[in-house]
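**Q** Need coordinates for the below:
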Amino acid sequence: MVIGSRTVVEKNDYVAAGTLRYIEGDLIEIELAEFKPFELGEPVKLTIYSQLGVYRMSTTVIAKAAGAVAVLFPHDKFKVRDEKRSSPRVPVECGGWLKLGVEAAEVPAVELTRSEVLKEAWASDLKADGLDQELLGRLEKLMEEEELQKIVEREAEKREASHNVPIAVRNLSRYGISFTIGDGPVLMCGQTVEVELELSFPFVCTVEIMRMEQTSSGCIYGALIKDIDETLSRALRAYVLREQVEDYYRRKDRELTRQE
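**A** Below is the predicted model:
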């Protein structure tokens, strides 16, 4: 399958011929003069006449612009010679956290007693650090076990969050991520860390640092996403495709602006 190949798009009793212009990840674009009859979400059949052979597939229209339609491409079933990468990097503007934990943050792991946890929690709430240890012990005995456990868990979450480092995500694919750390630890190539991203769904994964670039505003990292389960992988794939479609529309708008 080669960019520039003659491509026929069919739906019901309507057929239009065009040219294959773009393939990346799950998106394929066909330059098509008669694009208006094709509607978003509509099932279509593609026949691509390439130098390497004839390819046929059933698919769905996922975007359209002046002079072109974009369809969902069953990437895993075809080999594409001119494709940039199996999963495109899409620009993403979102925050996230590098979850270092106490060991990576070089903070000694100390197991606090319940009285110490209460002192830590209430000293913060009462803006005092001279709480009487005997009083704390008596209050601990009077408290319901469920309520006491909630305080213990809340304080544990606070301590864990204090070791998180904010990151700014630059781009994202199904298999990798690029992010910036403005002020924080320097990560080494080959190091694995846990990250949490503020996407439209909960996303926590382990990544392996593959490259690092130091700039005046911080460090830029490229990392490989490691070992996520099938459910999270599908959610990430759908997110990347959605961002890719939005980027497609932005690209077509820029092309129209240049032509005016």
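
**Q** From here on, just use CA atoms for contacts and neighbour counts.
**A** Fine.

**Q** OK, contacts around the residue positioned nearest the centre of the chain?
**A** Central residue of the chain (C-alpha atoms, centre = their mean): residue 172, 5.2 Å from the mean position. Contact analysis of residue 172 by C-alpha atoms under 8 Å, 6 or more residues apart in numbering lists 89, 90, 91, 92, 178, 240.

**Q** at 10 Å instead, please
**A** 87-93, 178-179, 222-223, 225, 236, 239-240, 243 (C-alpha atoms under 10 Å, 6 or more residues apart in numbering).

**Q** ok, it to residue 43 distance?
**A** From residue 172 across to residue 43, the span is 28 Å (C-alpha to C-alpha, to the nearest Å).

**Q** And for residue 168?
**A** In terms of C-alpha to C-alpha, residue 168 sits 38 Å off from residue 43.

**Q** Which parts of the protein are strands?
**A** 6-11, 14-24, 27-31, 43-50, 53-65, 68-72, 90-99, 164-172, 176-181, 192-198, 202-215, 218-226 (DSSP state E).

**Q** Which residues belonging to the first one are considered buried?
**A** The one in question is strand 6-11. By 16 or more other C-alpha atoms under 10 Å, the buried positions in strand 6-11 come out as 6, 7, 8, 9, 10.

**Q** still on that earlier bit, what is the nearest of the contacts of residue 172 to residue 204?
**A** residue 225 (10.2 Å; C-alpha to C-alpha).

**Q** Now do the contacts for the closest one.
**A** Contacts of residue 225 (C-alpha under 10 Å, 6+ apart): 172-177, 192, 194-195, 205-209.

**Q** and the closest residue to it other than its chain neighbours, how far is that from residue 174?
**A** On the basis of C-alpha to C-alpha, 6 or more residues apart in numbering, the spatially nearest residue to residue 225 that is not a chain neighbour turns out to be residue 207, at 4.5 Å. In this view, residue 207 and residue 174 are 12 Å apart by C-alpha to C-alpha.

**Q** shared neighbours, these two?
**A** 224, 225.

**Q** show me where pLDDT drops low in the protein?
**A** Along the chain, the parts satisfying pLDDT under 70 run over 1, 75-86, 101-163, 260.

**Q** which parts of stretch 47-55 are buried?
**A** Buried-residue list, stretch 47-55, by 16+ other C-alpha under 10 Å: 47, 48, 49, 50.

**Q** do the same with stretch 87-105
**A** Buried residues in stretch 87-105 (16+ other C-alpha under 10 Å): 87-92, 95-102.

**Q** And for stretch 190-207?
**A** Quick answer for stretch 190-207 (16+ other C-alpha under 10 Å): 192, 193, 194, 195, 196, 197, 203, 204, 205, 206, 207.

**Q** Just name the closest of the residues you listed to residue 231, please.
**A** Looking across those and measuring by C-alpha to C-alpha, the closest to residue 231 is residue 203, at 10.9 Å.

**Q** Distance check, the residue nearest to residue 225 against residue 218.
**A** Taking C-alpha to C-alpha, one finds residue 207 at 19 Å from residue 218.

**Q** Please identify which of the strands of the chain is closest to residue 256.
**A** strand 53-65 (9.8 Å).
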